[in-house]
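1. Sharing a sequence plus its predicted fold:
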Amino acid sequence: MYIDTHAHIQDEQLIGEVKDVIQRAKSNNVQKIICSSWNIPSSKQAVELSNKYSEVFATVGVHPENCDEYNDNTEGELTLLANNKKVVAIGEIGLDYHYTKENKELQKKIFVNQIILADKLGLPIVIHTRDAIGDTMQIIRENKQYLRHGGVFHCFNASKPVLDEIIKLGFYVSYGGATTFTNARELKDLVAYTPVDRILTETDCPYLAPVPYRGTRNEPKNIDLIIKNIAVLKNIDLIELEKIIQRNTEQIYKI
Ligand SMILES: [Zn+2]
């Protein structure tokens, strides 16, 4: 069984044909899809999809690029949504300084708020970090007491020392289509270096389609290309890797 641990199937590019998207995934051995959210409306959609389709699970949370939408009601809304038994994590949450650096303090505050909320709810977190690994690690270190349920660095790409620290703290890392890109030599090297018992796989669809679909609309069915590539990079039998990734996913998300 393949698992796509990070898919935006509620995105406007996919939602119109979500039934077919799930069917195509199932025909390609993808039996579980974790629908990842970026704000309250997308979190509601993810929960609805998880109620409708047995293969779909949900994460709820506010992405750093949407931090302006975070208000006094947000924590309550996330709590209500997270009471649904198919919600497996709070995410994606974190820091993104790629496009916006002006609201760093707000991003940090909302990240920490949601870390504490995840702890209250007994859930792991899904971390998005872009051009912000230093501040992200500082927040993780300072809030260790709220991270007993662990977490995942999604679309992971950082240095080996950062990976070492993340692994030591008990986190998992999730790899997607970028690991298949021909020019991603350092990222491929990082995959090869990552302990196999900490690896998860994701499409991050509709974005980041793996080779040979790079640049086109991505879907959960493409996860096989990512897993096959990891098997090559780590020199592990594909069937064995499939089982290990399934076990890792079950351990962190309890699915
Ligand atoms: Zn994402």
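-> Received, thanks.
2. tell me which strands and helices the lengthiest strand in the chain is in contact with?
-> Longest strand in the chain, counting residues (DSSP state E): strand 87-96. Under the contact criterion of 3 or more CB pairs under 8 Å, 6 or more residues apart in numbering; DSSP states H and E, strand 87-96 touches strand 56-60, helix 74-82, helix 104-121, strand 125-130, helix 133-142, strand 151-153. (C-beta placed from N, C-alpha, C; glycine too.)
3. got those as TSV, with mean neighbour count and distance to Leu14 columns?
-> Below are those laid out as TSV (neighbours: other CB atoms under 10 Å; distance: least, CB to CB, whole Å):
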stretch	mean neighbour count	distance to Leu14
strand 56-60	29	12
helix 74-82	17	20
helix 104-121	18	25
strand 125-130	25	19
helix 133-142	16	28
strand 151-153	26	21
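4. For Ile93, find the nearest of those.
-> helix 104-121 (4.4 Å; CB to CB).
5. Now the closest one - C-alpha only, PDB.
-> Taking C-alpha atoms only, helix 104-121 is exported to PDB below (Å, rounded to 0.1, in the frame of the first residue of the first chain):
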ATOM      1  CA  LYS A 104       7.800  37.400  10.800                       C
ATOM      2  CA  GLU A 105       6.600  38.000  14.400                       C
ATOM      3  CA  LEU A 106       3.000  37.300  13.500                       C
ATOM      4  CA  GLN A 107       4.000  34.100  11.700                       C
ATOM      5  CA  LYS A 108       6.000  32.900  14.700                       C
ATOM      6  CA  LYS A 109       3.100  33.700  17.100                       C
ATOM      7  CA  ILE A 110       0.600  31.700  15.100                       C
ATOM      8  CA  PHE A 111       3.000  28.800  14.700                       C
ATOM      9  CA  VAL A 112       3.500  28.600  18.400                       C
ATOM     10  CA  ASN A 113      -0.200  29.000  19.100                       C
ATOM     11  CA  GLN A 114      -1.000  26.000  16.900                       C
ATOM     12  CA  ILE A 115       1.900  23.900  18.400                       C
ATOM     13  CA  ILE A 116       0.300  24.400  21.800                       C
ATOM     14  CA  LEU A 117      -3.200  23.700  20.400                       C
ATOM     15  CA  ALA A 118      -1.900  20.400  18.900                       C
ATOM     16  CA  ASP A 119      -0.600  19.400  22.300                       C
ATOM     17  CA  LYS A 120      -3.900  20.200  23.900                       C
ATOM     18  CA  LEU A 121      -5.700  18.100  21.300                       C
END
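6. Which other helices and strands does that helix contact?
-> helix 74-82, strand 87-96, strand 125-130, helix 133-142.
7. go again using 10 Å as the cut-off
-> Helices and strands touching helix 104-121, by 3 or more CB pairs under 10 Å, 6 or more residues apart in numbering; DSSP states H and E, are strand 56-60, helix 74-82, strand 87-96, strand 125-130, helix 133-142.
8. How about stretch 56-73, which residues are buried there?
-> Within stretch 56-73, the residues scored as buried using 16 or more other CB atoms under 10 Å are 56-67, 70.
9. just the strands in this structure please.
-> 2-7, 30-35, 56-60, 87-96, 125-130, 151-153, 172-175, 199-201.
10. Give me the sheet partners of the fourth one and which way each runs.
-> In this case it means strand 87-96. Using DSSP bridges, strand 87-96 pairs in its sheet with strand 56-60 (parallel), strand 125-130 (parallel).
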